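Engineer: next one to model:
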Amino acid sequence: MQQFTITWGRYWFSRIAGRNPLVRRNERIQAWGALLAVLVTVLALPVAAAIGTSVYDVRVRFYAEEAKHRHAVTATALENSTVSVGPGPADVSFLVRASWTAAGSDHVDVVEWADQARVGDRADIWVDDITGEPVDAPAQPSRAVGDAVGVALSVWFAVMAITASTAYLIRLRMIHHRHLQWDRELEALKYQS
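Structural biologist: Predicted coordinates:
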């Protein structure tokens, strides 16, 4: 039994730098394109990490600033709650007309309540410091980690997709060129005989 091994390193190295006369110029270009795509993808990793770090810094400051301008106040239900059902089976919320004091004035509005409410029930709601209007609870600063990782991976995957598609298009072009060469050589051989 005859055994042989094909290794990635020797195969690509022989295409790029070997002196074998059977390796054509377009095969060398194709190998250089693949090598360049790998290098660009590897070199894009620290750039994507730097972008993720900057996104992390910006988002941590944003979430800290958001938390400074939002605080919880106690609201009193003025009516019984109504049930609001969303598109999903778990999207059920309770809406209540409530009153609260914030930003130096009294406010009355329909707000989302944690559960069923009756007239006179009290619950904490989040409001904006400046206007006193209801807002969502401030995001946790730990959320910045997920934002940064998501942006960094998106940038890196975009670079990988662009370089892989470029290498693939180079490969297709070289294969097409090789087939044209074969056709010309076969035609020339046909006319010589």
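Engineer: per-residue confidence at the residue most central in space within the chain?
Structural biologist: By Cα atoms, centre = their mean, the chain has its centre lying nearest to S154, at 3.7 Å. Note on S154: pLDDT of 97.
Engineer: confirm it sits in a helix?
Structural biologist: Yes. Assessed by DSSP: H, G, I helix; E, B strand; the rest coil, S154 belongs to a helix.
Engineer: tell me the contacts of it?
Structural biologist: By Cβ atoms under 8 Å, 6 or more residues apart in numbering, no residues touch S154. (Glycine included, C-beta is placed from N, CA and C.)
Engineer: output the lowest mean pLDDT helix or strand found in this protein.
Structural biologist: Each helix and strand of the chain was given a mean pLDDT (mean pLDDT, DSSP states H and E); the minimum falls on helix 8-17 at a mean of 61.
Engineer: give me the distance between the next helix or strand after that helix and the centre of its chain.
Structural biologist: Where DSSP states H and E defines the elements, the next helix or strand beyond helix 8-17 is helix 25-68. Chain-centre distance of helix 25-68: 12 Å, with Cα atoms, centre = their mean, to the nearest Å.
Engineer: elements contacting helix 25-68?
Structural biologist: helix 8-17, helix 143-192 (3 or more Cβ pairs under 8 Å, 6 or more residues apart in numbering; DSSP states H and E).
Engineer: weakest of the ones you listed in terms of mean pLDDT?
Structural biologist: helix 8-17 - the lowest mean pLDDT of the helices and strands packed on helix 25-68, at a mean of 61.
Engineer: let me see the domain layout of the chain.
Structural biologist: According to automatic domain parsing, the chain comprises the domains 8-63+143-192, 70-128.
Engineer: neighbouring strands of the lengthiest strand in the chain in the sheet, and parallel or not?
Structural biologist: Longest strand in the chain, counting residues (DSSP state E): strand 92-102. As defined by DSSP bridges, the strand partners of strand 92-102 come to strand 70-77 (antiparallel), strand 82-85 (antiparallel), strand 105-113 (antiparallel).
Engineer: make JSON lines out of those and add distance to G132, mean neighbour count and mean pLDDT.
Structural biologist: Converted to JSON lines, these look like this (distance: least, Cβ to Cβ, whole Å; neighbours: other Cβ atoms under 10 Å; pLDDT from 0 to 100):
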{"stretch": "strand 70-77", "distance to G132": "8", "mean neighbour count": "16", "mean pLDDT": "92"}
{"stretch": "strand 82-85", "distance to G132": "23", "mean neighbour count": "11", "mean pLDDT": "85"}
{"stretch": "strand 105-113", "distance to G132": "5", "mean neighbour count": "15", "mean pLDDT": "91"}
